[in-house]
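1. Predicted model and sequence follow; I will ask about them next.
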Amino acid sequence: GDMPKVYKNIVTLMKASNTVSKDAEQQTALDAFNDLVREEMVNVVMRSQPKAFHYSQYVALSAVWQGSLAVDDMCKQTNNPRGALAVLASSLFWVLCVLPLAMEAALRLG
């Protein structure tokens, strides 16, 4: 098939880019190419990808995570409507802002 031609082109590329010496064996050039792909291409692909999730997905994840805590805290405020509103406002801030940003940053930093 095409594999000998592909291998020849890879060897030519690796020698032309001075990644391996001009007199390197085919297997040396192919091994260097494999190493290059494993080390560099992952970063290239990850940088080229859009966000891992859409904002609405982060909010949904945050709501599940923070929502149960908020409901529990609000139930403790049965005699204090202001306290319940404060818990709600704080939880919404976490669900809509802090947690989605933190999850995106954690995924980007890997």
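-> Perfect, thanks for sending it.

2. any idea which helix or strand comes after the helix or strand bottoming out on mean pLDDT in the chain?
-> For the chain, counting by mean pLDDT, DSSP states H and E, helix 42-48 ranks last in confidence among helices and strands (a mean of 65). Beyond helix 42-48 in the direction of the C-terminus, DSSP states H and E gives the next helix or strand as helix 55-75.

3. farthest residue from the center of the protein?
-> With CA atoms, centre = their mean as the measure, the chain has its most outlying C-alpha, relative to the mean C-alpha position, at Asn79: 43.7 Å.

4. What distance do you get for Arg38 to Asn9?
-> In this structure, Arg38 lies at 19 Å from Asn9, with CB to CB, to the nearest Å as the measure. Every C-beta, even on glycine, is put in place using the N, C-alpha and C of the backbone.

5. And Asn18, by the same measure?
-> 16 Å.

6. Residues touching stretch 30-37, excluding its own?
-> With CB atoms under 8 Å, 6 or more residues apart in numbering as the test, stretch 30-37 has contacts from 7, 10-11, 13-14, 19-20, 24.

7. Derive a PyMOL selection command for the buried subset of those.
-> Only the buried members of the contacts of stretch 30-37 end up in this PyMOL selection, burial being decided by 16 or more other CB atoms under 10 Å:
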select buried, resi 10+11+14+20+24
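
8. Thanks a lot, see you next time.
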